[in-house]
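Q: what's the 3D shape of this:
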Amino acid sequence: MKSFSILLLVLAACSAAMGQVLFKLGADGNNHYMDYINLRIIGGLVFYLLGTAIWIYVLSFEKLTNVYAFSALTFVFVYSGGVFILGESISLRAWFGVLMVICGLYLIGNNIAGE
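A: Numbers count the residues shown, from 1 in each chain. Model (predicted):
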């Protein structure tokens, strides 16, 4: 896999994760359906759409099995956003799970580089 592809996939995962964080910020405390139409939700949709568009673009020239492995980064970035942007706390066990996802992505990435 090309370095450019990896850079784009990291950008796509960051964009999708930012969309998720904005969804949470826009949805927090809402209880009426019209409350969900706000700038944070719209911003989340824009970020999520951007991530999806980048993802589809990379799929046009890379193998699905290689590209899909990077979807795990979204999980890592959402957890990090929850902690560092939203101030949420997660357990040591959850951090270990995030570390395991990163290790798995590393192992898959090394396999991809060896192809």
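Q: what's whatever helix or strand Ser5 lives in in contact with?
A: Applying DSSP states H and E as the criterion places Ser5 in helix 3-27. In this structure, residues lying in contact with helix 3-27 by C-beta atoms under 8 Å, 6 or more residues apart in numbering are 36, 38-52, 54-55, 57-58, 61-62, 67, 70-71, 73-74, 76-78, 80-82, 85-86, 109. Any C-beta I mention is one placed from the backbone N, CA and C, and that applies to glycine too.
Q: state the mean pLDDT of it.
A: The predicted model gives helix 3-27 an average pLDDT of 95.
Q: one more: stretch 100-115?
A: If you average the pLDDT over stretch 100-115, you get 80.
Q: for Phe70, phi and psi?
A: In terms of degrees, to the nearest 10, the main-chain angles of Phe70 are phi -80, psi -10.
Q: can you count the residues close to the closest residue to it other than its chain neighbours?
A: Using C-beta to C-beta, 6 or more residues apart in numbering and skipping the chain neighbours, the partner closest in space to Phe70 is Leu9 (4.0 Å). Each residue near Leu9 was counted by other C-beta atoms under 10 Å, and the total is 25.
Q: how close does Leu9 sit to Tyr33?
A: Distance check for Leu9 against Tyr33: by C-beta to C-beta, to the nearest Å, it reads 34 Å.
Q: so which residue is dead centre in this structure?
A: Central residue of the chain (C-alpha atoms, centre = their mean): Thr74, 2.2 Å from the mean position.
Q: so where do the helices sit in this protein?
A: Chain-ordered helices for the chain, with DSSP state H as the definition, fall at 3-27, 39-59, 64-68, 71-84, 92-113.
Q: and the angle from the first one to helix 39-59?
A: When axes from the mean of the first three to the mean of the last three C-alpha atoms, to 10 degrees is applied, the directions of helix 3-27 and helix 39-59 differ by 160 degrees.
Q: cool, the fourth one as well?
A: Counting by the same axes, to 10 degrees, helix 71-84 lies at 160 degrees to helix 39-59.
Q: what does helix 71-84 contact?
A: For helix 71-84, the surrounding residues in contact (C-beta under 8 Å, 6+ apart) are 9-10, 13-14, 16-18, 20-21, 24, 51, 88-90, 94, 98, 101-102, 104-105.
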